[in-house]
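>>> This is a predicted model, with the sequence first.
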Amino acid sequence: MIQVESLSKRYGRHTAVDRISFTVQPGQVCALLGPNGAGKTSTMRVLVGLSTPTDGRVSILGEPVGLGAAVLRRVGVLIDGAAFVPHLSGLANLRLLWSATGRTWPPPALDDALNLAGLGDALSRKMRRYSMGMKQRLMLAQALMRAPDVLVLDEPANGLDPAEVRALRGHLARLAETGVAVLISSHQLAEVQQVATHAVVMDRGRLVAEGPLGELLGDTDTLRFEVDALDRAVAVLRDLPGITAVATRDGEAVVTAPGVPASDLVQSLVTAGIRVAGVHRTGRSLEDAFLAMTEPTSSTGESDAAR
Ligand SMILES: Nc1ncnc2c1ncn2[C@@H]1O[C@H](COP(=O)(O)OP(=O)(O)OP(=O)(O)O)[C@@H](O)[C@H]1O
């Protein structure tokens, strides 16, 4: 479990993280979302002991986190800037990183991690020849090979192709099913919507929303009608009580009608002589919800303090 309580992180006079609190329970995949500069990486760095909080508390599996805390051995971390040695092979780099844990090689989940990384023969090649995607996959392997109880992944899908992203999604979902608590930051909202069970949304350092994904997306009562006479259908729908919006999209009438049964709307259309070939209820996408929660122009102001 990850627990963040009233966490603040300031760089000089710039507040990157402003008193945020959230929890990620075992079995949850929590998406940490926010526009550029929202404070996601700053939060994650504190969470894994790479940076100290200015204020507040962070604990993992019930133990306070700090640089070198024993509990961090149970955490798989992917945050950019992993210290790979370019003249060593990918596999030698993994061995080197593992040796820092003081445990004997191989790590418990090495095979699964390498399978997901899919680097094949490239594992024995020097890392200086790795593409960005290959480096990213090796970083994922080092996070996963230790069979972690908690995963903290900053933009893990960066540089991966669609098939790799899908494989990663499946892997994370399987790990969560076994009780791993996963915190993952991403800008790919459609992608993260497919794997996240929960989300924490930050904007300019502050927490703007958190909770189960279903609750954050909300129920929008938006219906799409496939009809044979679009213009007439729109005119009929606009005149009905309880309708808050009618639009057309991709040849269909899109209607927002909170609390109005779809059957009433179909009945009105049919009565007006319009054929209804289909009705679909549409959910709000994570992207819609995210844009509604965050400001369109976010501050990305830098301060000059060192990390
Ligand atoms: N070492 C640092 N020194 C000074 N300011 C920093 C430092 N690291 C981050 N910041 C600033 O803190 C704010 C939050 O940055 P952070 O990287 O945590 O955001 P983010 O949500 O991860 O952004 P992105 O999505 O662009 O990666 C930004 O304004 C950033 O410029």
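Structure received. Here the structure is a predicted model, which means the values were calculated and not measured.
>>> can you list the domains in the protein?
2-217+289-293, 222-283 (automatic domain parsing).
>>> Give me the average confidence score over the last one.
This means domain 222-283. Taken as a whole, domain 222-283 has a mean pLDDT of 89.
>>> ok so, going back, deepest of the domains of the chain, which one?
With neighbours defined as mean count of other C-beta atoms under 10 Å, the domains of the chain peak in mean count at domain 2-217+289-293, which reaches a mean of 18. Backbone N, C-alpha and C define where each C-beta goes, glycine included.
>>> want to throw the domains of the chain into TSV with distance to the ligand?
What follows is the domains of the chain, written out as TSV (distance: least, C-beta to the nearest ligand atom, whole Å):
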stretch	distance to the ligand
domain 2-217+289-293	3
domain 222-283	25
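>>> May I have the secondary structure class of the residue nearest the centre of the chain?
The C-alpha lying nearest the average C-alpha coordinate of the chain belongs to Ala31 (C-alpha atoms, centre = their mean; 3.2 Å). Secondary structure, DSSP: H, G, I helix; E, B strand; the rest coil: Ala31 is strand.
>>> so it bridges to which residues?
Per DSSP bridges, the residues bridged to Ala31 are Ile184, Ala199.
>>> residue ranges with poor pLDDT in the stretch 101-250 of the chain?
Counting by pLDDT under 70, the stretch 101-250 of the chain has low-confidence residues at 218-220.
>>> show me where it has helices.
Residue ranges of the helices in the stretch 101-250 of the chain, as given by DSSP state H, counting those that start in this stretch, are 110-117, 132-144, 162-177, 189-193, 213-217, 230-238.
>>> Which neighbouring elements make contact with the fifth one?
Read it as helix 213-217. Counting by 3 or more C-beta pairs under 8 Å, 6 or more residues apart in numbering; DSSP states H and E, the packing neighbours recorded for helix 213-217 are strand 198-203, helix 286-293.
>>> CA atoms only: put it into CSV for me.
Taking Å, rounded to 0.1, in the frame of the first residue of the first chain, the C-alpha atoms of helix 213-217 are listed here in CSV:
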residue,chain,number,x,y,z
LEU,A,213,-12.1,5.6,-12.1
GLY,A,214,-15.8,4.9,-12.5
GLU,A,215,-16.7,7.7,-10.0
LEU,A,216,-14.3,10.2,-11.6
LEU,A,217,-15.7,9.5,-15.1
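>>> check contacts around Val276.
Residues near Val276 by C-beta atoms under 8 Å, 6 or more residues apart in numbering: 225-227, 266, 269-270.
>>> which one is Arg19 nearest to, not counting chain neighbours?
Leaving out its chain neighbours, the residue that sits closest to Arg19 by C-beta to C-beta, 6 or more residues apart in numbering is Ser6, at 5.0 Å.
>>> Quick check: which element contains that neighbour?
strand 2-11 (DSSP states H and E).
>>> Check the offset of that strand from the chain's centre.
On the basis of C-alpha atoms, centre = their mean, to the nearest Å, strand 2-11 sits 19 Å off its chain's mean C-alpha point.
>>> so what secondary structure elements neighbour that strand?
So strand 2-11, by 3+ C-beta pairs under 8 Å, 6+ apart, packs with strand 14-24, helix 40-47, strand 55-60.
>>> for these, which one sits closest to Gly259?
Between Gly259 and those, the tightest spacing by C-beta to C-beta is seen for strand 14-24, at 31.7 Å.
>>> Check which helices and strands the closest one sits against.
Against strand 14-24 (3+ C-beta pairs under 8 Å, 6+ apart) you get strand 2-11, helix 40-47, strand 55-60, strand 181-185, strand 198-203, strand 206-212.
>>> Taking helix 40-47 as reference, get the angle to that strand.
70 degrees (axes from the mean of the first three to the mean of the last three C-alpha atoms, to 10 degrees).
>>> between strand 14-24 and strand 55-60, how many degrees?
Calculated by the same axes, to 10 degrees, strand 14-24 forms an angle of 40 degrees with strand 55-60.
>>> Now mean pLDDT too, for the helices and strands packed on strand 2-11, in CSV please.
Output for those, formatted as CSV (pLDDT from 0 to 100):
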stretch, mean pLDDT
strand 14-24, 97
helix 40-47, 96
strand 55-60, 96
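>>> looking at those, which is closest to Ser131?
helix 40-47 (22.7 Å).
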